[in-house]
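Q: Model the structure of this input:
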Amino acid sequence: MTLPSTATRPVSLTAEEAAVITAEIHRRRAEAERWLQTDPTSYLATTERHDFERRVVLTVGSGSAADVRIDDPALHPQHLTVTALEDGFRIEAAAPAATFKIGDTVVRQGVLSSGFVELGRYRLRLSHQGFPAIVVLDREKVRLAGVVRPRYFPVDLSYRYVVPLTAAARAEPVVILSTRGHQRRALRAGWFDLEIAGTSCRVEAVRLLEPGVGESSYGLYFRDLTTEHETYPVGRYLDPEELPDGTYLIDFNLAYNPACAFSPHYNCPIPTRENTLPIQIRAGEMTPEGAH
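A: Numbers count the residues shown, from 1 in each chain. This next block holds a predicted model:
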């Protein structure tokens, strides 16, 4: 796409600034790998997914009649119920002695817009996105998952920008397709005009209209000429960081893979045609090593 000469160029950095930023990017990458390999909420801990579909309530327990059956003698046959609300979930114990944890608190009932419920070694990830589902995670699966490791391009700060958002004249509703065939509702917030590797590009920013998504939580879902070759076939994501002066930090070194790069049990946005960029962005996360 041909853009006016106002497309923002990469930031200029001193050697000292570049060294500090590069070290921080490497720190973030190491932390992301530690989370993936060891955390009980890691994508690698997922074992199954149960969509509510036309149902409003799903039961969870160790019994064969439970909608979500978890083979753990520590759970009651009908341990809890999860009710899908318009803007989240209500969780309630279904047996007199049944409890569960939300965060560090042991409870018998609770409400979440999204998030995790802990049941011993298991966790339930309550995912709404307009298409409510329960994803089951087993912390033991992370330890046994084998070698799946994120891979990255070398840090290249020529892909780092500080740029204003060109706001849409009005917030336009758009539909974002997902990897599970859903049509997820979003608003087009505007665009970032960037000069990437000498080419002017316009990148669309959207806000998903889903429980738990903040008013200023914008996402960039994009594909480029590395997609399906060096990077994940669905595309990659980037979270713009708003700065105190109202501009945004856009650093493609922080581009990351969707959860579905590591597990088939997630519902991931697919980048729109508008965010299919006619260039290579050789920065950020590559296709994981050993992924499914």
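
Q: what's the offset of stretch 285-292 from the middle of its chain?
A: 16 Å (Cα atoms, centre = their mean, to the nearest Å).

Q: buried residues in it?
A: Residues 285-288, 291 are the ones in stretch 285-292 that count as buried (16 or more other Cβ atoms under 10 Å). From N, CA and C alone the C-beta is placed, and that goes for glycine too.

Q: quick one, what contacts the closest residue to V68 other than its chain neighbours?
A: Leaving aside its chain neighbours, V68 sits nearest to V60 (4.4 Å; criterion: Cβ to Cβ, 6 or more residues apart in numbering). Counting by Cβ atoms under 8 Å, 6 or more residues apart in numbering, V60 touches 66-68, 70, 75, 79-82, 119, 124, 134.

Q: Kindly report the same for G219.
A: Here G219 is in contact with 205-208, 237-239, 269 (Cβ under 8 Å, 6+ apart).

Q: one more time with 6 Å
A: V206 (Cβ atoms under 6 Å, 6 or more residues apart in numbering).

Q: ditto for the one 3 residues further on
A: The contact partners of F222, by Cβ under 6 Å, 6+ apart, come to 235, 271, 275, 277.

Q: Now A19: phi and psi?
A: As for A19, its main-chain torsions (degrees, to the nearest 10) stand at phi -70, psi -40.

Q: I'd assumed T231 was in contact with A261.
A: No: between A261 and T231 there is no contact under Cβ atoms under 6 Å: 9.5 Å.

Q: For burial, what's the neighbour tally of the residue lying closest to T276 once chain neighbours are set aside?
A: Leaving aside its sequence neighbours, T276 sits nearest to R223 (Cβ to Cβ, 6+ apart; 4.6 Å). By other Cβ atoms under 10 Å, the residues close to R223 number 21.

Q: coming back round to it: who has more neighbours out of A261 and T231?
A: With neighbours defined as other Cβ under 10 Å, A261 and T231 compare such that T231 has more, 25 against 22.

Q: roughly how far apart are that one and L126?
A: 30 Å (Cβ to Cβ, to the nearest Å).

Q: And for G290?
A: 28 Å.

Q: possible to save the contacts of V60 as JSON lines with pLDDT?
A: Below are those laid out as JSON lines (pLDDT from 0 to 100):
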{"residue": "A66", "pLDDT": "97"}
{"residue": "D67", "pLDDT": "98"}
{"residue": "V68", "pLDDT": "98"}
{"residue": "I70", "pLDDT": "96"}
{"residue": "L75", "pLDDT": "96"}
{"residue": "H79", "pLDDT": "98"}
{"residue": "L80", "pLDDT": "98"}
{"residue": "T81", "pLDDT": "98"}
{"residue": "V82", "pLDDT": "98"}
{"residue": "L119", "pLDDT": "96"}
{"residue": "L124", "pLDDT": "98"}
{"residue": "I134", "pLDDT": "98"}
